[in-house]
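**Student:** Could you look at this predicted model? Sequence included:
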Number of protein chains: 2
Amino acid sequence: MTVTLADVAARARVSPATVSRVLNGNYPVAASTRERVLRAVEELDYVLNGPASSLAAATSDLVGVLVNDIADPFFGIMASAAQSAIGEGGSGRAGGEKLAVVCNTGGSPERELTYLTLLQRQRAAAVILMGGSLEDPEHLAATAAKLARMAEAGTRVVLCGRPPVPGDAHLAALVFDNRAGGRRLTEHLLGLGHARIGYVAGPADRTTTRHRLEGHREALAAAGVAEGPTVHGSYDRAAGHAAVAELLAREPELTAIVAANDTVALGVCAALRERGLSIPGDVSVAGFDDLPFSVDAVPALTTVHLPLHESGVRAGRLAMGTEDAPPTGTETIPGALVVRDSTGAPRA
Amino acid sequence: MTVTLADVAARARVSPATVSRVLNGNYPVAASTRERVLRAVEELDYVLNGPASSLAAATSDLVGVLVNDIADPFFGIMASAAQSAIGEGGSGRAGGEKLAVVCNTGGSPERELTYLTLLQRQRAAAVILMGGSLEDPEHLAATAAKLARMAEAGTRVVLCGRPPVPGDAHLAALVFDNRAGGRRLTEHLLGLGHARIGYVAGPADRTTTRHRLEGHREALAAAGVAEGPTVHGSYDRAAGHAAVAELLAREPELTAIVAANDTVALGVCAALRERGLSIPGDVSVAGFDDLPFSVDAVPALTTVHLPLHESGVRAGRLAMGTEDAPPTGTETIPGALVVRDSTGAPRA
DNA sequence: GCGACGATAGAAAGCGCTTTCTGTCGCAGA
DNA sequence: TCTGCGACAGAAAGCGCTTTCTATCGTCGC
């Protein structure tokens, strides 16, 4: 039926062992023999049986990349970068590259766990978890335990944009300094003279949401400015759009709005415009992440630039073992304030 | 070392065969036995060995989703939709769901083939190819041959947003009517009175690019209007931004620009603004796809709406076998013209 | 009360590869 | 000329699961 390694061996008049060695290239094989085998592979159009190979070798070429929302460019960019780093990373076993696969958890803890189990089943070579996680203690513990078990079984685990919890402490982690970014953004607004600042936060109980919000509050506290209204929502445009009405209802004198991220900021801008408010004339708006479209937005978005691509690449390299993990395990990646046109001094 | 099925069997005082049957739930097992086994699984924290399972059963739970650019929401939305349909689709073998994994080809034919081989190695249950392909005859033939072989080996193959080539004729395919969409868009512009229309196309030799462009030309021809300048580039914002200068150089009297897609359109708008041209006052701009950000763009983009989410879901169901393939194999999905603020009548 | 049948469960033969353990052969060194 | 070693290749033992083929047992029909 299907062509097996034994068929190739027969055709090349060598033993299956030799064929395997040629294919995996990790054992000396005479050039002439190698060529004979390769020719047979070619002629028979042989494709290695992955499961059989993984079973015998007790590892696979799979690298899992878990993201919260694949339709969000924030994750798309990081995942894409990681995937290219993994591909470039040279050959895995079986003469091939690693198969980087991205799994969309939709931010659901259950799906995250399901995917981890599936990857564990497949004896994945590595797994990268991207993006903040839910801060539910039970979930965190379950995930940490599973990751620990996978790591123990030889799977390399990398966190990217996700802070390690105590149980994860030994894993390689790249974390964005969301708190400092949030602080800087608000300081910028404060510096312009804003004193009534609304905040559209992401889903409560998410690490990213909390850190950004904390940074915001730190800046406010340091400046002795009272906190404005805050509303929580998802990380999409609709959330930003919907939040404006509530923010304005709670604080009609608002002169600035900080959004959970750039996508949310876009929704905020749209809602503001619908109400006839100009940006930044009437209300300044700031985002976070600096996604590709942010520079083209009208007005161009003031935001915090995160090196998404670079981080994704590094995560990929860490997963491949091409790059050493940061000494302490965790590395904090700073964001850079990017001031554009969507923020300005409040009207006197 | 690791817990195996035999360990579970020993603990539950049954044979390995019974444990397997409990886990796969496709054979009658007495309730009491089943429960004993399940308890042992629980206590031992057993995780099925995927490769071993796939090897013995000759199939796996993997479903591959190939996309051209994972960082592009166009693909993100479809992939996400497909993935959820696949997840919802109930249990695969081994009491688990299918593992939908998305693979980023970056539009490269080589990587596409590499991923297909890897998926073939893994004996994937299904594979979905999303997005247009390169129109290189050699590549097309190689891909078609590989897909045919995979289909023959039991892998379900689905095309989504990608026209089947002769060799693919038997595969289930969902294809967007890019030609009609392109035609309608240009008809809209023509109807407004535009007669000098520039076109920013995607990469040449891509099916999507060609079909959209052909639709554009059809409309022009039908109206007896001369074709304006066309420039080719990638499907990103930078391409749109860069194209404007050339378009304007070749036809200074331009009153409208059609972009390859919404992302490109955004770049076009930005470049136009930088030159002090107003939209649609000086130049009308139209996109394609209707991505989420398009409605928030300023001005809101006139575009062709493609049911990305719905198509992704259907592709997922086709891959799961939950939904029947269209009778002829290929189904054409129409796009809907959405007129917003970025197009208007040209200045007299 | 006997043979038969349905419901369960076990035995065992692989699935297709990797890899350790053994050779075999040719040649350098003594 | 003989020993020893390096280079290469084969034999064979699994890897951990699925599944067919069998065996057992309680029960039902007559």
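**Tutor:** Right, received. Where do you want to start?

**Student:** do stretch A:104-123 and DNA strand D meet?
**Tutor:** No. Stretch A:104-123 stays clear of DNA strand D (CB under 7 Å from any atom of the strand), getting no nearer than 8.9 Å. In short, each C-beta sits where N, CA and C put it, glycine included.

**Student:** Tell me how many other residues surround residue A:326.
**Tutor:** Counted by other CB atoms under 10 Å in any protein chain shown, the residues lying close to residue A:326 total 14.

**Student:** hmm, I was thinking of residue A:160
**Tutor:** 30.

**Student:** Report the separation between it and chain B.
**Tutor:** Using CB to the nearest CB, to the nearest Å, residue A:160 is found at 15 Å from chain B.

**Student:** ok, that residue touching residue A:127?
**Tutor:** No. In this structure, residue A:160 is not within contact of residue A:127 by CB atoms under 8 Å, at 10.9 Å.

**Student:** Contacts only, for the residue most central in space within chain A.
**Tutor:** Central residue of chain A (CA atoms, centre = their mean): residue A:130, 3.1 Å from the mean position. Neighbouring residues of residue A:130 by CB atoms under 8 Å, 6 or more residues apart in numbering or on different chains: A:65-68, A:75, A:78-79, A:82, A:160-162, A:312, A:315.

**Student:** Phi and psi next, for it.
**Tutor:** When read as degrees, to the nearest 10, the backbone of residue A:130 gives phi -110, psi 140.

**Student:** who does it bridge with?
**Tutor:** On the basis of DSSP bridges, residue A:130 takes part in beta bridges with residue A:160.

**Student:** Distance check, it against chain B.
**Tutor:** 12 Å.

**Student:** where does chain A come near DNA strand C, residue by residue?
**Tutor:** Contact residues, chain A versus DNA strand C (CB under 7 Å from any atom of the strand): A:1-2, A:4-6, A:16-17, A:19-21, A:23-24, A:26-27, A:46, A:48-49, A:52-53, A:55-57, A:93-94.

**Student:** so where's the stretch 51-200 of chain A uncertain?
**Tutor:** Applying pLDDT under 70 to the stretch 51-200 of chain A picks out residues A:89-97.

**Student:** Please, where are all the helices along it?
**Tutor:** Ranges of helices within the stretch 51-200 of chain A are A:73-88, A:109-121, A:137-152, A:178-192, based on DSSP state H, counting those that start in this stretch.

**Student:** can I get these in a markdown table with mean neighbour count and distance to residue B:37?
**Tutor:** Output for the helices of the stretch 51-200 of chain A, formatted as a markdown table (neighbours: other CB atoms under 10 Å in any protein chain shown; distance: least, CB to CB, whole Å):
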| stretch | mean neighbour count | distance to residue B:37 |
| --- | --- | --- |
| helix A:73-88 | 25 | 38 |
| helix A:109-121 | 20 | 18 |
| helix A:137-152 | 16 | 21 |
| helix A:178-192 | 22 | 46 |
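
**Student:** Redo the ones you listed as JSON lines? Include distance to chain B.
**Tutor:** Listed next are the helices of the stretch 51-200 of chain A as JSON lines, based on distance: least, CB to the nearest CB, whole Å:
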{"stretch": "helix A:73-88", "distance to chain B": "4"}
{"stretch": "helix A:109-121", "distance to chain B": "4"}
{"stretch": "helix A:137-152", "distance to chain B": "8"}
{"stretch": "helix A:178-192", "distance to chain B": "21"}
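
**Student:** any chance of those helices in TSV, with distance to residue A:322 too?
**Tutor:** Shown next, in TSV, are the helices of the stretch 51-200 of chain A (distance: least, CB to CB, whole Å):
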stretch	distance to residue A:322
helix A:73-88	8
helix A:109-121	20
helix A:137-152	18
helix A:178-192	27
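
**Student:** Which of those sits closest to residue B:178?
**Tutor:** Of all those, helix A:73-88 sits nearest to residue B:178, with 22.4 Å by CB to CB.

**Student:** quick one, that closest one and helix B:109-121 angle?
**Tutor:** Counting by axes from the mean of the first three to the mean of the last three CA atoms, to 10 degrees, helix A:73-88 lies at 80 degrees to helix B:109-121.

**Student:** Packing partners of helix A:73-88?
**Tutor:** Under the contact definition 3 or more CB pairs under 8 Å, 6 or more residues apart in numbering or on different chains; DSSP states H and E, helix A:73-88 sits against strand A:62-67, strand A:99-104, strand A:126-130, helix A:308-320, helix B:73-88, strand B:99-104.

**Student:** Out of those, the one nearest residue B:180 is which?
**Tutor:** Among the helices and strands packed on helix A:73-88, helix B:73-88 comes nearest to residue B:180, with 18.2 Å by CB to CB.

**Student:** how far does the closest one sit from the chain's center?
**Tutor:** How far helix B:73-88 lies from its chain's middle: 9 Å, per CA atoms, centre = their mean, to the nearest Å.

**Student:** cool, stretch A:45-64 as well?
**Tutor:** Counting by CA atoms, centre = their mean, stretch A:45-64 comes out at 27 Å from the chain centroid.
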